[in-house]
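Visitor: give the three-dimensional model of this entry:
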Amino acid sequence: MANLSTMTDEQLVKAYAQGNNEAFDTLLKRHQDKVYSYILRMIRNEDIANDIFQETFVKAILTIKQGRYTENGKFPAWISRIAHNLIIDWFRQEKSENLQSADLEDVDILNRKELCEATIEDVMISEQIRDDIKHLITQLPPLQREVLMMRYYQNLSFKEIAQTTGVSINTALGRMRYAIINLRRIAAEKDIVLTL
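Guide: Now for the predicted structure:
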């Protein structure tokens, strides 16, 4: 077998999937500093960053072992995406745990999240969701993508969409329905959460 340090990321993933545990150790050493730095920069808490870092590589291990890793020559981007999704999950969990009930007597009813400006976490999650949706839309069939873009980005009615595309309103509605179904399916397949 070739020297592990000279192998590409994809070769190491393949070797690990075939049972060479040292191959994953090499991948970990190669990418751990960058992934950990990214997590710590976002979370700003070493203990939590360590937990998310470990969970990132556990998820990577499971995905590779289950044969679900798709070889695309972009292991660093893939592992960073796992970390990014786990960071977003952590922010969501934090947000839900910090919500207070207005029924409690010692809680100020005006101290409500919806009355506050968006936090950096909310902005980050919203931007990620927008980016995810844009990426998902590019994967739709052209006719579905066209209707969805006209409806949500050009704010056209279904009557206007039907006239512009030369189809019936029912056909336009059907294309929109399938576009939404396909967006949900693709998001589920890629483990992308599209809600705050």
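Visitor: leaving aside the residues adjacent along the chain, what's closest to Ala83?
Guide: Spatial nearest neighbour of Ala83, chain neighbours left out: Thr56 (4.4 Å); criterion: CB to CB, 6 or more residues apart in numbering. In short, each C-beta sits where N, CA and C put it, glycine included.
Visitor: ok, now Ala179?
Guide: Distances taken as CB to CB, 6+ apart place Gln144 nearest to Ala179, at 3.7 Å, with adjacent residues excluded.
Visitor: could you do Gln139 as well?
Guide: Closest residue in space to Gln139, ignoring its immediate chain neighbours: Ile186 at 5.6 Å, by CB to CB, 6+ apart.
Visitor: what distance do you get for the one you found to Asp132?
Guide: Distance of Ile186 to Asp132, computed by CB to CB, to the nearest Å: 10 Å.
Visitor: now His84: how far from Asn45?
Guide: Counting by CB to CB - His84 and Asn45 are separated by 17 Å.
Visitor: er, Leu140 actually
Guide: Computed as CB to CB, the Leu140 to Asn45 distance reads 39 Å.
Visitor: the more surrounded of those two?
Guide: Higher neighbour count among Leu140 and Asn45: Leu140, with 20 against 13, using other CB atoms under 10 Å.
Visitor: that one is in contact with Ile181, isn't it?
Guide: No. The pair Leu140 / Ile181 is not scored as a contact, 10.3 Å apart, by CB atoms under 8 Å.
Visitor: mind listing what's buried in the lowest-mean-pLDDT helix or strand in the chain?
Guide: Across the helices and strands of the chain, mean pLDDT, DSSP states H and E gives its lowest value to helix 120-138, namely a mean of 79. Residues 121-122, 124-125, 128-129, 132, 136-137 are the ones in helix 120-138 that count as buried (16 or more other CB atoms under 10 Å).
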